[in-house]
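Asks: all I have is the shape, not the residue letters:
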């Protein structure tokens, strides 16, 4: 470097051909920019703690394989969740306050589909003292637990009562929402890991509970497979079916023949799946629910799609009696209901309207009013309120629909992840609570496997991150836009079979949808700081995902912090 | 040198009329000079345009206080006292007026042209802009430029409705009623 | 080709004819028509250069300086508050020896607010190191922009062409637009020795010692002085090519004049008519037009006014606490004149007030009758 600062005298003005680099202007300031990541609200809301801004950043850049790999670090079922998740992430998306939320679920699906054939790139940790874990049930919770245990170096054995793994994803959710081929691929990806699976094994019959306790740890995720009974007269009639049985038969490719008209009782996701499946078998379907549409626990998209397809809804009625008529039809008597006060779960409570009844005739009635856990084979000390409660001191853990948590696929995955971490900590004799507070993603219960692995291996636990609010986003830098509606199979084709209803994004739509992400609290290399830095001391490397400031020459003016659209750069006092 | 004052409301085309006439005089090889009082341009507000023209370059860089001709685009802007005060002796007034009127008696010492420009503009399809009608009437009154030259200037200056505007010039020329000075 | 144009559009034509590759500007009344015309031409492809629409006049000038130092011709146009905001960068332009050319439409400086003609905006930039011209009509503004490039690019100093709001900027008159080939012949391409060179990286405006600062200022002063000679030469060349010339100053009927009026800008034009009227009435009154204000053509003025007994300077500007700015300059110019003429300062036309031939004739007649010196400026209030 030429350090000669004497200006050349050949010209009418002084020009220096030396470099100003030797002047360490960085000493002049008392503030320095620092990158300080915050947790995006979408990520906090995702029970699996999916790294949403990060995967969308990579997707914007067309790096779908990398995007999938970082999703797989937290969730082995992106293809499933990208289709059937109730997407609390979109509800809490900061962009929803600006124009419309980012299409996070559809992007998870797109990334997972595009990169589906790529091999799993995650290396299990080396674990000298590996232990064997028994898992009961190969649903989303059990498979997730086995998957994350493998990443932590623990082999496991899964005992599955059905002939194939998948649980509710395999036997409950119909193909038009979740094609079996997608599920199969994701399960195969998991089963490539050191996991042994034993199907057609019923614990309590083919193997005793005591035999399970021979393993170093046990994870119980049998699901909630028992239909809840209506407990009314006529429930045992031949034309009255149970929702789960009905879906199971369809998902087993059994030929099912339904009557012309069908009434479905219930307002949850099972009821919607039953109604829409019945529609596809040629029935005229009416859903009867005892509250109103607003209280239906089913995912909103499912209700909308059911309506689109022609399912009729009757609200504020509850069946009280079923009679078989001479003409072989059923006469279902309903009690008229009204909403009054709140029930213990905080929902409006339906109460009967005295002496008001209606009767509907139908060929078929299918009930879908909730499921219960079969606890016949579980020791009493692990049961609480009809659900399983694990006992870490005896190294028994529970998860999925069988424990006290919302019955969604993503909650099941989350419980499998937490159990895997708990088992790892337990088997290594470490305190569970201390670690969980370090790896939490926000304050809504999600934990990060990535953070756990890093902390466990390198001893580097992440600093606690705050949640970035909408007010902290510098929205001036974003152009308002609508989100892309995913194309759907056309109505006439849609009801002819069980083909997937929602068609994928095109690559263009996917790129646009990903680029709508604000990247709340995360650097997505928008280059604002780079372009606005008056000193030219910022360099960015999107490939290595690095942002470097030349502190010897940064005067601490704060421009970069001001122009960062997501408040990632903050000025901190030095010296 | 002839000095002309154009008085109208924003949107009626008083200022553009001064410029079209200026262009026509320029095409005739004369030395015109156009300007308007600027600063408050908006639709509906009173506006004033000026035009000087001479056989040689004009040196004056100041305003016009006593014009030879006054052209008034809006009946509501006719102020007889003002005209009497401003107009040069032997001057001429052209007004857009919508009725056969026996008024402006105090101005009968000047040559006066009456034209129902608003109606002609509507009939010929140019809308609410009166510049071409008023100019047609004006050249009939003064013979300052030939019809052909004015039409050529209109062609280069008017952005749209060319045929309608040329028709408007001709109708203005045809329909203007001229009152000569009473002896 | 002759056309019927406003002063603003005449300036835009000049910029186009000079093939200026970079224009950086911010709109401000009454200059906006220049900006709009150039924008329109940029959009239609008639203008080959780039229009930078900056967020302020300060940035516009900064952009012009930086672009100029890459060795390209640059232009900006502004007025009033705009040139005031540019002030810091005006010093930089001159100090960087960047031959930027600017059109300034003379408009009063707030407060109070107004859009009317007043030369204070550019005259208060007189010490920034810019060459300054004052023009009396659109034709002269067009011609002076072309001349300014040729002068500025020889002395490496920026040049400002001032035309008054309304009386020049908005007056539509016949203007002769030169042919492109003529301008190409007249104006050689810019060849700036001190420009950025990617093969030899360096930086401008480093910190310098006191001695070096003095050295560069002295060099700049010498360059500025040389403008007086170069401007005359360029004007002659211009006359040869285009048939029009202006000089740094112009004398009108001065030879036998007992009273000499001194004017700049559009008042000069009206004064030409006033002089004719006065002469017809038998009054020996002459006129000196000052076209070049920086550098002030001291020697030429001394020669032109030699032997004059009474001089009246009409200023459409006011330096509060002193008086008319042209008057100050003139008094300083004549300080060593052997015959010690009486100089009278008249403030007329401030804030765009009208200066008619009658006003000018009144001033001349008043001066004819005066015998005693008056130090204070005299305000013409109608």
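Replies: It's in. In this text the structure is predicted, and so the values were computed from the model without any measurement.
Asks: count of neighbours near the spatially closest residue to residue A:477 that is not a sequence neighbour?
Replies: Distance criterion CB to CB, 6 or more residues apart in numbering or on different chains; nearest residue to residue A:477, sequence neighbours excluded, is residue A:565 at 4.0 Å. The C-beta positions use only the backbone N, C-alpha and C, and glycine is treated the same way. Using other CB atoms under 10 Å in any protein chain shown, the number of residues around residue A:565 comes to 18.
Asks: was I right to think residue A:565 contacts residue A:521?
Replies: No: look at residue A:565 against residue A:521 with CB atoms under 8 Å: they stay out of range, at 10.9 Å.
Asks: OK, contacts around the residue of the stretch 1-150 of chain C found nearest chain A?
Replies: Going by CB to the nearest CB, chain A is nearest to residue C:97 of the stretch 1-150 of chain C, at 4.6 Å. Counting by CB atoms under 8 Å, 6 or more residues apart in numbering or on different chains, residue C:97 touches A:12, A:13, C:156, C:157, C:194, C:220, C:223.
Asks: secondary structure of it: a helix, I assume?
Replies: No: Residue C:97 is assigned coil when assessed by DSSP: H, G, I helix; E, B strand; the rest coil, not a helix.
Asks: and it, what are its phi and psi?
Replies: phi 60, psi 40 (degrees, to the nearest 10).
Asks: ok, it to residue C:77 distance?
Replies: According to CB to CB, to the nearest Å, residue C:97 stands 21 Å off from residue C:77.
Asks: now do residue A:462
Replies: Applying CB to CB, the value for residue A:462 to residue C:77 is 56 Å.
Asks: likewise residue C:381?
Replies: Counting by CB to CB - residue C:381 and residue C:77 are separated by 32 Å.
Asks: please say which of those two ends up with more neighbours.
Replies: Applying other CB under 10 Å to residue C:381 and residue C:77 shows that residue C:77 carries more neighbours, namely 33 against 8.
Asks: just the buried ones out of the contacts of residue C:97, please.
Replies: Buried by 16 or more other CB atoms under 10 Å in any protein chain shown: A:12, A:13, C:156, C:157, C:194, C:220, C:223, out of the contacts of residue C:97.
Asks: need the contact list for residue B:48.
Replies: Here residue B:48 is in contact with B:5, B:6, B:7, B:14, B:36, B:37 (criterion: CB under 8 Å, 6+ apart).
Asks: repeat that with 7 Å
Replies: The contact partners of residue B:48, by CB atoms under 7 Å, 6 or more residues apart in numbering or on different chains, come to B:5, B:6, B:7, B:36, B:37.
Asks: quick check, it in a strand?
Replies: Yes: per three-state DSSP, residue B:48 lies within a strand segment.
Asks: that older thread, possible to save the contacts of residue B:48 as TSV with pLDDT, secondary structure and neighbour count?
Replies: Formatted as TSV, those follow (pLDDT from 0 to 100; DSSP: H, G, I helix; E, B strand; the rest coil; neighbours: other CB atoms under 10 Å in any protein chain shown):
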residue	pLDDT	secondary structure	neighbour count
B:5	97	strand	24
B:6	96	strand	31
B:7	94	strand	22
B:36	88	strand	21
B:37	78	coil	15
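Asks: tally of neighbours for residue 65?
Replies: Going with chain A. Residue crowding around residue A:65 was assessed by other CB under 10 Å; the count is 15.
Asks: that's the wrong chain, I wanted chain C
Replies: Residue C:65: 23 surrounding residues under other CB under 10 Å.
Asks: dump the contacts of residue B:48 to a markdown table, plus distance to residue A:399.
Replies: Converted to a markdown table, the contacts of residue B:48 look like this (distance: CB to CB, whole Å):
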| residue | distance to residue A:399 |
| --- | --- |
| B:5 | 92 |
| B:6 | 88 |
| B:7 | 88 |
| B:36 | 83 |
| B:37 | 84 |
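Asks: just how off-centre is the lowest-mean-pLDDT helix or strand in chain B within its chain?
Replies: Every helix and strand of chain B was ranked by mean pLDDT, DSSP states H and E. The lowest is strand B:177-179, at a mean of 90. On the basis of CA atoms, centre = their mean, to the nearest Å, strand B:177-179 sits 15 Å off its chain's mean C-alpha point.
Asks: helices or strands up against that strand?
Replies: Judged by 3 or more CB pairs under 7 Å, 6 or more residues apart in numbering or on different chains; DSSP states H and E, strand B:177-179 is in contact with strand B:111-115.
Asks: so what does the strand it packs on touch, helix or strand wise?
Replies: Using 3+ CB pairs under 7 Å, 6+ apart, strand B:111-115 sits against strand B:92-96, helix B:131-142, strand B:177-179.
Asks: and that strand, average pLDDT?
Replies: Averaging pLDDT along strand B:111-115 yields 93.
Asks: so who does the spatially most central residue of chain B touch?
Replies: Nearest residue to the geometric centre of chain B (CA atoms, centre = their mean): residue B:71, 4.2 Å. By CB under 7 Å, 6+ apart, residue B:71 lies in contact with B:4, B:6, B:7, B:94, B:134, B:138.
Asks: grab the nearest non-local neighbour of the fourth one.
Replies: Nearest residue to residue B:94 in three dimensions, chain neighbours excluded: residue B:113, at 4.1 Å (CB to CB, 6+ apart).
Asks: which residues does the one you found bridge with?
Replies: Beta bridges link residue B:113 to residue B:94, residue B:178, judged by DSSP bridges.
Asks: turn the contacts of residue C:97 into TSV, including pLDDT.
Replies: Below are the contacts of residue C:97 laid out as TSV (pLDDT from 0 to 100):
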residue	pLDDT
A:12	90
A:13	91
C:156	97
C:157	98
C:194	93
C:220	96
C:223	97
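Asks: let's have the residues you listed in a markdown table, adding distance to residue A:331 and secondary structure.
Replies: Shown next, in a markdown table, are the contacts of residue C:97 (distance: CB to CB, whole Å; DSSP: H, G, I helix; E, B strand; the rest coil):
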| residue | distance to residue A:331 | secondary structure |
| --- | --- | --- |
| A:12 | 105 | coil |
| A:13 | 101 | coil |
| C:156 | 103 | coil |
| C:157 | 103 | coil |
| C:194 | 101 | coil |
| C:220 | 106 | helix |
| C:223 | 108 | helix |
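Asks: nearest to residue A:106 among those residues?
Replies: Distance to residue A:106 across the contacts of residue C:97 (CB to CB) is lowest for residue C:194, with 58.1 Å.
Asks: that closest one reaches residue A:14, doesn't it?
Replies: No: at 9.4 Å, residue C:194 does not count as touching residue A:14 under the criterion of CB atoms under 7 Å.
Asks: so where's the longest helix in chain A?
Replies: Secondary structure assigned by DSSP state H gives helix A:409-427 as the longest helix of chain A.
Asks: tell me which other helices or strands that one touches.
Replies: Packing contacts for helix A:409-427, counted by 3+ CB pairs under 7 Å, 6+ apart, involve helix A:78-84, helix A:140-151, strand A:217-220, strand A:396-398, helix A:432-439, strand A:446-447.
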